[in-house]
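Asks: Provide a 3D model corresponding to the input given below.
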Amino acid sequence: MELVTRRYCIGDLRFCVVAPPYPEQPNMTAFRVEDGSPDDPCLRITPGEPLEETDLPCVSRTSFEAQYRRGAERVRLFFREDKKEGLLLRAEDRPNGDCDAVLAEDALSSLGGKLILLLMEIPQRLLKRGGVFLHASMIEVDGRAILFTAKKQTGKSTQAELWRVHRGARILNGDRALLQRKNGLWHAMGSPYCGTSDYCEKAELPLAAVVQLSQAKENRVSRLTAKEAVAAFLEGSAYDPSDAQQTAAVMDLALSIFAETPFYHLACLPDETAVACLAKALRHDGDE
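Replies: Below is the predicted model:
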């Protein structure tokens, strides 16, 4: 069977995918690279019948996923959402970071985007490398990044769009940004996690501010405390909250980012006045 090898880079994480030809989604194409290393972790996909092993110790199980242990290796089974007992794929994670997966042949068309990210557990891998994802819209203003974070349907996309229309900002991602330290500074980076947004660019900018949003009848802006900043990351980051090490890592990174970056709470209206309110606060802090 013909196989294709494609390489990707998200933040400072490079990995390759070896699989039958698959329709690559635009959010993954944006993060394609040509170069790589033999040491890069690799996801190998084989089409076939993903058989289940039931004699391995079960670590966890939900309606759609079961995890087992075989020594230092892990076996993950994923079930079809429409058929609770129908097995979709079987993934075996190696100690060296590779992942070998058998995917049902009728599901190969779904490989090109979310499934790759799911199998490679990108947020967890980057967390080990000092990178943390935040559920946020990311815009570029004057060569630096501003992140709008909030609960769903609270206005991240609206505020990003208002800044685009009224301040000429460039929207780089509409759903999730990656934060990593580079050259002594925290940077915000684009990611392939873009949700339903059309904005998904591979960008890397110094981080100017993190803005937590809430809806209100008038605009008010205030600085977040360290405790509130950590809470925002714990609520908006991609990690396993049942894993104490991952939780501690997110908290440590949030505190490090907070020590060097202004965090705001913007209670706002969905119009240009909210842009002016935040811009004034950013300008005031920048002049200090």
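Asks: show me what the host helix or strand of H284 is packed up against.
Replies: For H284, the host element (DSSP states H and E) is helix 272-287. Secondary-structure packing of helix 272-287 (3 or more CB pairs under 8 Å, 6 or more residues apart in numbering; DSSP states H and E): helix 156-167, strand 204-215, strand 220-223, strand 263-268. All C-beta atoms are positioned from the backbone trio N, CA, C, and that covers glycine.
Asks: one more pass at 6 Å, please.
Replies: On a contact count with 3 or more CB pairs under 6 Å, 6 or more residues apart in numbering; DSSP states H and E, helix 272-287 meets helix 156-167, strand 220-223.
Asks: give me the contacts around the longest one.
Replies: Put plainly, it is helix 156-167. With CB atoms under 6 Å, 6 or more residues apart in numbering as the test, helix 156-167 has contacts from S137, I139, F148, A150, A169, I171, G174, P270, E272, V275.
Asks: okay, and which of those map to strands?
Replies: The members of the contacts of helix 156-167 that map onto strands under DSSP state E are S137, I139, F148, I171.
Asks: need the max-distance pair from the contacts of helix 156-167.
Replies: Distance extremes for these: the farthest pair is G174 and E272 at 19.7 Å, using CB to CB.
Asks: pull the number of nearby residues for the residue lying closest to A72 once chain neighbours are set aside.
Replies: Nearest-residue entry for A72: P95, 4.7 Å, with adjacent residues in sequence omitted and distances by CB to CB, 6 or more residues apart in numbering. If you count neighbours by other CB atoms under 10 Å, P95 ends up with 9.
Asks: ok, T196 next?
Replies: 7.
Asks: repeat that for A30.
Replies: 16.
Asks: thought it was touching K202?
Replies: Yes. Taking contact to mean CB atoms under 6 Å, the distance of 5.0 Å between A30 and K202 places them in contact.
Asks: touching, R176 and P192? I think so.
Replies: No. Applying CB under 6 Å, one finds R176 not in contact with P192, separated by 8.8 Å.
Asks: could you pull up the residues touching the residue of the chain positioned farthest from its centre?
Replies: Relative to the mean C-alpha coordinate of the chain, counting by CA atoms, centre = their mean, the farthest residue is D55 (33.8 Å). D55 makes contact with no residue under the criterion CB under 6 Å, 6+ apart.
Asks: before we move on, what SS does it have?
Replies: coil (DSSP: H, G, I helix; E, B strand; the rest coil).
Asks: now it. Its backbone dihedrals?
Replies: Backbone geometry at D55, expressed as degrees, to the nearest 10, gives phi -90, psi 0.
Asks: can you check M120 too?
Replies: phi -80, psi -10.
Asks: tally up the residues packed near it, please.
Replies: Residues within reach of M120, counting by other CB under 10 Å, total 23.
Asks: and it, how close does it get to G113?
Replies: Distance, M120 to G113, using CB to CB, to the nearest Å: 12 Å.
Asks: related to what we said a few turns ago, would you mind giving the contacts of helix 156-167 as a markdown table with distance to E65, neighbour count and pLDDT added?
Replies: Output for these, formatted as a markdown table (distance: CB to CB, whole Å; neighbours: other CB atoms under 10 Å; pLDDT from 0 to 100):
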| residue | distance to E65 | neighbour count | pLDDT |
| --- | --- | --- | --- |
| S137 | 29 | 30 | 96 |
| I139 | 34 | 29 | 98 |
| F148 | 31 | 28 | 97 |
| A150 | 28 | 23 | 90 |
| A169 | 38 | 19 | 97 |
| I171 | 33 | 19 | 97 |
| G174 | 27 | 23 | 91 |
| P270 | 37 | 12 | 94 |
| E272 | 45 | 13 | 96 |
| V275 | 42 | 20 | 97 |
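Asks: fine by me, we can end here.
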